[in-house]
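Chemist: structure for this input, please:
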Amino acid sequence: MLEPGSSDLGSPALTAAFSADPALVWLTAGPLPTGRSLRQAADPIDASARRLGLPGAPPLWAELALGLAAGGLHPVVSVPPQTPLDDLLALLQSTDELAHCLPGQPAVFWLPCTLPLLAALEPALLRLAGPQVVLASSLDQAQRLLAAAVEAASPVVLLVPQENAAAPAAAEPLAAQALGQAVVARPGTDLTLLAWGAMTRQAVAIAGQLEATDDVQAEVLDLVSLQPLDVDTILGSVQKTGRCLILEATTAMGGIAAELAAQIAEQDLLWLLAPIGRVQAQDNTSRAIGPSLPIKPNNARVLAAARRLLAYE
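Modeler: Predicted structure coming up:
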C-alpha cells in the first residue's frame, strides 16, 4: 500500500499536490493491487487507496483518466519516463479525440521529458486541439501548474524537463499558476528573450550578464503554455522592446520557435527594430556514428546573437 510521500509517486511536486487535494487519483505504472476498486480510489480518507495501476495500452490511459474525471475525480496520469515515443504519440492522439467526445473533463498527464523527446513530440503537441500543453521550467512551477491543471476545463499535458523531475520542491503546496499564460521571468525594455522549459533559467542568466556588461535591460518571457501560445503577452513584450531573440534547446524544424517567429513577423512587423533572432541547438549528427544528442546553445552563442540584434540599426 502506498502512502503520500512514497517514492512511487514520482516527485515531491506530485506528493505535495496529493496531500492538498483529496479528490486526486494517481494513475501510475505497475500492477493494480489486489482488491482495488474505483470506489476505493475515490476515498479521501484512505490515501493509499487513491492509486490505480495503468492499463497496458497508452490509449487506455486517456480513457480511464477522462472516465474518472467524468465521475468528479481529479485524475493525474504519471507517465513513465521510459514510455516509447510511438506510445506517447498514441496517448496524445487518444487524449485529443476523447477531449472532443467528453468536453469539460479535467485530466492531467504528468510527462517527464528529455530534450530529444521534446523535439520529437513538438509537431504532435502543436497539432493538439483539445488538451492544453504546458511546460514547466522548474519543479516548483510544475507544482503550481499541477494545482491549476486538476481544476481545468479540459485535459492538460504537463511537461516536466527530466533534469528537474527529481529536484527538491517547496515544502508547502504552492499557489496555482494560471494555465495558458506566459510569465515575465525578468522585466526589461531593450530586448525580448523568449524561452521555455530548461532554457528559461539560461535566459535569465544571460539577461543578468547583458545588464552587467552591456547596460542592457533584457526582458525574459517564459512561454509556459505551448498550446495554446499566449500570443498577446508575447506580442506585447516585442512591441515594448522592438527586438526579439528566441532561445530553443532543440533543432526541430517547424517547431515552437518557427511558430513564434511567424506570429511575430505577421503581427508585430512594424514594431520590430531588428530582424527576429533564433538560437537553436546545434545538430550533433555524425556521418560516421549517426544521429546523436543535440548540443544546447551555450551562453557565448546566445550573447553573440543578442548583441547582433542590439547593434542592428
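Chemist: buried set for stretch 101-116?
Modeler: Residues of stretch 101-116 classed as buried by neighbour count (16 or more other Cβ atoms under 10 Å): 102, 105-113, 115-116. (Each C-beta comes from the backbone N, C-alpha and C, glycine too.)
Chemist: now the residue nearest to residue 223 when sequence neighbours are not counted: phi and psi?
Modeler: Residue nearest to residue 223 in three dimensions, not counting chain neighbours: residue 196, with 4.0 Å by Cβ to Cβ, 6 or more residues apart in numbering. Here the main-chain torsion angles of residue 196 (degrees, to the nearest 10) amount to phi -160, psi 150.
Chemist: and residue 196, how far from residue 86?
Modeler: With distances defined as Cβ to Cβ, to the nearest Å, the gap from residue 196 to residue 86 amounts to 25 Å.
Chemist: same deal with residue 118?
Modeler: In this structure, residue 118 and residue 86 are 16 Å apart, going by Cβ to Cβ.
Chemist: these two - which one has more neighbours?
Modeler: Between residue 118 and residue 86, counted using other Cβ atoms under 10 Å, residue 118 has the larger neighbour count: 25 against 9.
Chemist: thought that one was touching residue 196?
Modeler: No: applying Cβ atoms under 8 Å, one finds residue 118 not in contact with residue 196, separated by 9.4 Å.
Chemist: identify the contacts common to these two.
Modeler: Common contact partners of residue 118 and residue 196 (Cβ atoms under 8 Å, 6 or more residues apart in numbering): residue 135.
Chemist: return the list of helices and strands in contact with the one helix or strand residue 122 maps to.
Modeler: When elements are defined using DSSP states H and E, residue 122 is found to belong to helix 115-127. Identification of packing neighbours for helix 115-127 by 3 or more Cβ pairs under 8 Å, 6 or more residues apart in numbering; DSSP states H and E yields helix 85-101, strand 156-161, strand 225-227, helix 256-267.
Chemist: lowest-confidence helix or strand of this structure?
Modeler: One helix or strand of the chain scores below all others by mean pLDDT, DSSP states H and E: helix 38-41, with a mean of 39.
Chemist: next SSE after it?
Modeler: Toward the C-terminus, helix 38-41 is succeeded by strand 51-53 as the next helix or strand (DSSP H and E).
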